[in-house]
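*Asks:* Fold the following for me, if possible:
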Amino acid sequence: MKEEMIQKALLVCGVTLTILFCLGPFFYMVLTAFGRHPDFLLPGKAYTPTLDNFRVVIFSESIPFMTYLKNSILISAISAVVSVGLVSPAAYAIARLPLPGKAAFLFGALGISMFPEISLISYLFKLMSAMNLVNTYMALILPYIAWTMPLSLWILVSYFSQVPRDLDRAAQIDGASRLQILFKIILPLAAPGVYATGLLAFIFAFNEFLFALMLTIDHSARTIPVGIALFEGFHGQIPWGQIMAGASVASLPVVALTLVFQRRIVQGLTRGAVKG
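*Replies:* A predicted model of the protein is given here:
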């Protein structure tokens, strides 16, 4: 009995510490965003709640914050949808067809994605300048698609491999083509993996900083991470309250997407597909 109580106590302590470690910075960000003074944790400093930081960030004419947010959502959504759409047939082919060198191809794609961004940005800037794409959505969408495709490929190959092959054989007996099997059977059954992959690609593009910094010039194409980083330039000092308010608002799209799709992401991959 004592051992069970000790195990439960250790489990509760471990879970509590993990939650505090993960959510502690988020709670501090929110408190700072709603606080009048960012140094409220210092001795003798009282916490005074206010909405001034959010008013400045959202409604100030000198900070086109909502334009940054719109740019980030559009660029990230397009990049994620296109990336998942392009790699889905490739992931199905690798998971199902007897192709030679599949493992080498997967590891090669993963290796390419590991190149540091700083080593590519100068060549990418020259390319975008030659194509007159600097400070446009396409200047960010194209690199984001290329950067997220290897990750999307690996995740989808893993999910597609877990779908029973008997479903493919049954569909082929009924006269279905490979594309019909992919779009009518595999993708619906692997919907949790598809949504999870799209969400990860969206988050990656939404949080990316270096490409967005180097390939945009003004607010017409600039994204949230760069916009928040430039708050210091607008005010001549570091406005921590406004930075935290901007970060709080910027986290809402990702949180909303996770809440909307969490049921599909966590549900069984082939739930109800095969009996017995």
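
*Asks:* only C-alpha atoms for contact and neighbour calcs from this point on.
*Replies:* Noted.

*Asks:* distance of the residue sitting nearest the centre point of the chain from residue 50?
*Replies:* Most central in the chain under CA atoms, centre = their mean is residue 203, positioned 1.3 Å from the mean C-alpha point. For residue 203, the distance to residue 50 equals 29 Å [CA to CA, to the nearest Å].

*Asks:* same question, residue 107
*Replies:* For residue 107, the distance to residue 50 - CA to CA - is 51 Å.

*Asks:* quick revisit: contacts only, for the residue nearest to the centre of the chain.
*Replies:* 76, 254 (CA atoms under 8 Å, 6 or more residues apart in numbering).

*Asks:* Let the chain start at 5 from now.
*Replies:* Sure, I'll start counting at 5 from here, so that last one is residue 207.

*Asks:* how close does residue 162 get to residue 76?
*Replies:* 29 Å.

*Asks:* Neighbour count: those two, which is higher?
*Replies:* residue 76 (26 against 15; other CA atoms under 10 Å).

*Asks:* residues making contact with stretch 42-60?
*Replies:* Residues outside stretch 42-60 that contact it (CA under 8 Å, 6+ apart): 36, 37, 38, 39, 40, 41, 67, 244, 245, 246, 249, 250.

*Asks:* any weak-confidence spans in the stretch 105-254 of the chain?
*Replies:* Within the stretch 105-254 of the chain, the ranges that satisfy pLDDT under 70 run 237-240.

*Asks:* can you pull out the helices in it?
*Replies:* Applying DSSP state H, counting those that start in this stretch to the stretch 105-254 of the chain gives helices spanning 106-117, 125-134, 141-165, 169-177, 182-185, 191-193, 195-211, 214-218, 228-233, 235-239, 244-270.

*Asks:* which secondary structure elements does the third one contact?
*Replies:* Taking 3 or more CA pairs under 8 Å, 6 or more residues apart in numbering; DSSP states H and E as contact, the helices and strands that helix 141-165 lies on are helix 69-100, helix 106-117, helix 195-211.

*Asks:* Could you pull out the buried residues of the longest one?
*Replies:* The reference is to helix 69-100. For helix 69-100, the neighbour count (16 or more other CA atoms under 10 Å) marks 69-88, 91-93, 95-100 as buried.

*Asks:* Just want the angle from that helix to helix 244-270.
*Replies:* Interaxial angle, helix 69-100 versus helix 244-270 (axes from the mean of the first three to the mean of the last three CA atoms, to 10 degrees): 30 degrees.

*Asks:* what about helix 69-100, average pLDDT?
*Replies:* Summarised as a single mean, pLDDT over helix 69-100 is 92.

*Asks:* Next: stretch 257-269.
*Replies:* On average, stretch 257-269 scores 78.

*Asks:* what about residue 27, how many residues close to it?
*Replies:* Residue 27 has 12 nearby residues by other CA under 10 Å.

*Asks:* can you give me how far the strand or helix carrying it is from the chain middle?
*Replies:* Residue 27 is part of helix 6-38 when elements are defined by DSSP states H and E. Centroid separation between helix 6-38 and its chain, computed with CA atoms, centre = their mean, to the nearest Å, is 24 Å.

*Asks:* Now do it against helix 244-270, angle only.
*Replies:* 130 degrees.

*Asks:* What average pLDDT does the helix or strand just after helix 6-38 get?
*Replies:* Per DSSP H and E, the first helix or strand lying C-terminal to helix 6-38 is helix 56-63. Average pLDDT, helix 56-63: 89.
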